[in-house]
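Participant: sharing a sequence plus its predicted fold:
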Amino acid sequence: MRAASLTPDHVTAPWDVAVVGAGLGGLAAAIDLARAGRRVVVVRPAGVHATYGESLDWESNRLLSQLGLDLAALVRADHATWKRGAVASYAPTRARMTIGFAWFYRALMRLVGRSQPTAHVDMAVARAALEGVAREAGVMLLEDRVQRVACDGDRVLGLLLAQGERVEAGHYLDASGRTRVLARALPVTTEPFGERKVAFSARSPHEYDQLGTQIFLDDQGDFVRWCWGIHLGAARVDVGVALLAREVALLRRERTDLASALLARAHRHERLRWLTLEWAEQASAHACTYQDDVSTRLRGPNWWLLGEAAAVIDPIVSGGVTFALRSGFAAARAIRTGDADLAARLERKLRMHARTTNTLVEHVWYRSSIRKGMGLAWNVLSILVPNFNLNHLHARGWASSALGVRLLAKLHQGLDWFIPRYAQRLERRSRRLQGRAPGPPLLTGSTEP
């Protein structure tokens with residue numbers, strides 16, 4: 001996307017806020033600002049764009065409720081299922097652990113105000129519902145594509161759409177996902193974490209066992225893989241496989257049948273052996289390449305980056321929806337108040353949270369082989385515990401105050417320093433344990449026969 005001057009033809013009346021794309025962060029900001037009396041337009045391509053399922057974390061419930069999306073209604077309509085926990089399994093050792101079902105875990109969740117279960121959601125349906133909420137709030141949804149962006153230094157001047165219409169606004173929000181329409185025009189760079197990955201997924205008929213999200217972990221050589229199962233209805237599941245992009249490139253160079261390769265990788269997990277070649281063929285045609293990253297800036301004089309335009313958080317932590325919604329609410333709050341100091345604090349919070357989360361996943365999951373020596377549970381809890389608590393801290397009201405952001409910054413700085421060193425220490429211990437005679441793995445949870 002290149003910057004360009006806009007012609008005076010087909011000029012619309014200026015808007016208070018123009019949102020590029022209809023990502024969740026953009027819809028959240030649009031609804032919030034429209035309810036506050038702002039004139040908001042959302043420019044997004046025609047058609048259905050979110051055809052995947054999403055496993056939500058425990059902060060999404062509150063944020064979606066604020067927008068008026070009723071998860072219980074989606075469950076009743078069979079477009080979502082309740083997620084009361086998760087089950088993780090590890091193919092090389094056949095270890096298996098459940099997360100979130102024990103009484104003490106439920107008691108802790110009640111203690112911190114998160115006793116309501118979260119959900120798996122069909123995002124096509126959820127986004128359509130949020131677009132309906134946006135219309136009711138007075139947001140104009142304009143089906144078109146941004147062809148050019150006019151900028152003056154770091155300020156956005158307007159948008160020229162593919163059909164020749166010109167859109168001008170006081171503020172511009174980039175909710176275009178990894179397309180990053182505004183970010184590319186400004187330009188804004190990103191800080192990458194780890195390697196590029198490719199996710200393949202497809203939907204299949206399958207009865208829901210009420211055990212929440214299914215996570216299947218695997219290692220072979222230096223390739224790190226994982227699969228997931230997310231039930232979007234009583235008898236409908238999204239199953240996917242995430243691979244490193246270089247493994248996919250190797251398969252293609254060797255002219256390997258991709259569908260057969262995906263099926264073989266899924267079948268390494270006992271609970272995925274019901275999958276058929278039909279699923280694999282559909283999944284091989286539905287590839288999504290992504291790079292975990294964080295934009296070096298999330299805002300400028302009259303613009304914000306939201307959702308995946310701001311940061312791509314690895315999907316294994318189920319934090320993408322919460323981050324997108326938080327970024328949308330943060331931008332809306334900053335625009336409503338006009339408080340530059342608050343805007344700077346909210347941007348700092350978003351960036352450091354995304355950065356620490358991706359640092360955690362990169363070092364403790366993708367670069368580490370501690371599952372092999374220390375056990376599955378140690379690995380999973382090393383990611384789950386800090387991720388949940390950071391998420392919860394960022395949800396607190398005090399966390400947006402000047403003192404709160406300073407305290408959070410110290411915590412994140414400490415974690416960013418500690419995480420790689422912790423992973424290295426566990427890696428060395430894991431390698432020592434792997435060199436010993438075979439014995440019971442540490443903290444592996446239950447093991448399947």
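Facilitator: Here it is on my side, so go on.

Participant: low-confidence ranges in this protein?
Facilitator: 1-13, 48-51, 434-449 (pLDDT under 70).

Participant: does anything pack onto the longest helix anywhere in it? Which helices or strands?
Facilitator: As assigned by DSSP state H, the longest helix anywhere in the chain is helix 402-434. Here helix 402-434 touches helix 340-361, helix 370-373, helix 376-395, going by 3 or more CB pairs under 8 Å, 6 or more residues apart in numbering; DSSP states H and E. C-beta here means a position set from N, CA and C on the backbone, and glycine is covered the same way.

Participant: now do the helices in the stretch 1-150 of the chain.
Facilitator: 24-35, 60-67, 71-76, 103-111, 123-137 (DSSP state H, counting those that start in this stretch).

Participant: the inter-axis angle of the second one versus helix 24-35?
Facilitator: Taking axes from the mean of the first three to the mean of the last three CA atoms, to 10 degrees, one finds that helix 60-67 is oriented at 30 degrees with respect to helix 24-35.

Participant: next one: the fourth one
Facilitator: Here helix 103-111 runs at an angle of 30 degrees relative to helix 24-35 (the same axes, to 10 degrees).

Participant: chain center to helix 103-111: distance?
Facilitator: 25 Å (CA atoms, centre = their mean, to the nearest Å).

Participant: mind listing what's buried in that helix?
Facilitator: Buried residues in helix 103-111, counted by 16 or more other CB atoms under 10 Å: 106, 109.

Participant: kindly report the same for the third one.
Facilitator: By neighbour count on 16+ other CB under 10 Å, the buried set for helix 71-76 is 71, 74, 75.

Participant: can you check the second one too?
Facilitator: Residues of helix 60-67 classed as buried: 60, 61, 63, 64, 67 (neighbour count, 16+ other CB under 10 Å).

Participant: the last one now?
Facilitator: Residues of helix 123-137 classed as buried by neighbour count (16+ other CB under 10 Å): 123, 124, 125, 126, 127, 129, 130, 131, 133, 134, 137.

Participant: helix, strand or coil for residue 164?
Facilitator: Under DSSP: H, G, I helix; E, B strand; the rest coil, residue 164 falls in the coil class.

Participant: show me what the closest residue to residue 301 other than its chain neighbours is bridged to.
Facilitator: Leaving aside its sequence neighbours, residue 301 sits nearest to residue 155 (CB to CB, 6 or more residues apart in numbering; 4.9 Å). Residue 155 forms beta bridges with residue 152, as assigned by DSSP bridges.

Participant: what's the separation between the residue most central in space within the chain and residue 333?
Facilitator: By CA atoms, centre = their mean, the chain has its centre lying nearest to residue 320, at 1.9 Å. Residue 320 is 20 Å from residue 333, where distance means CB to CB, to the nearest Å.

Participant: one more: residue 22?
Facilitator: 20 Å.

Participant: those two: which has the busier surroundings?
Facilitator: It is residue 22, of residue 22 and residue 333, that has more neighbours when counted by other CB atoms under 10 Å, with 25 against 18.

Participant: for that one, which non-adjacent residue is closest in space?
Facilitator: residue 44 (3.8 Å).

Participant: what about the one you found, distance to residue 326?
Facilitator: Residue 44 is 20 Å from residue 326, where distance means CB to CB.

Participant: from the chain's centroid, how far away is the strand ranked longest in the chain?
Facilitator: As assigned by DSSP state E, the longest strand anywhere in the chain is strand 223-233. Distance of strand 223-233 from the chain centroid (CA atoms, centre = their mean) equals 14 Å.

Participant: only the C-alpha atoms, please, for the next helix or strand after it, written as CSV.
Facilitator: Per DSSP states H and E, strand 223-233 leads on to strand 236-244 as the next helix or strand towards the C-terminus. What follows is strand 236-244 as a C-alpha-only set of coordinates in CSV (Å, rounded to 0.1, in the frame of the first residue of the first chain):
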residue,chain,number,x,y,z
ARG,A,236,-18.8,-29.8,14.5
VAL,A,237,-15.1,-29.2,15.0
ASP,A,238,-12.3,-27.2,13.5
VAL,A,239,-9.0,-29.2,13.4
GLY,A,240,-5.8,-27.6,12.4
VAL,A,241,-2.1,-28.3,12.1
ALA,A,242,0.6,-25.6,12.6
LEU,A,243,4.0,-26.2,11.0
LEU,A,244,7.1,-24.1,10.6
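
Participant: what's the angle from strand 236-244 to helix 123-137?
Facilitator: 110 degrees.

Participant: each with direction, which strands does strand 236-244 pair with?
Facilitator: Going by DSSP bridges, the partners of strand 236-244 are strand 197-205 (antiparallel), strand 223-233 (antiparallel).
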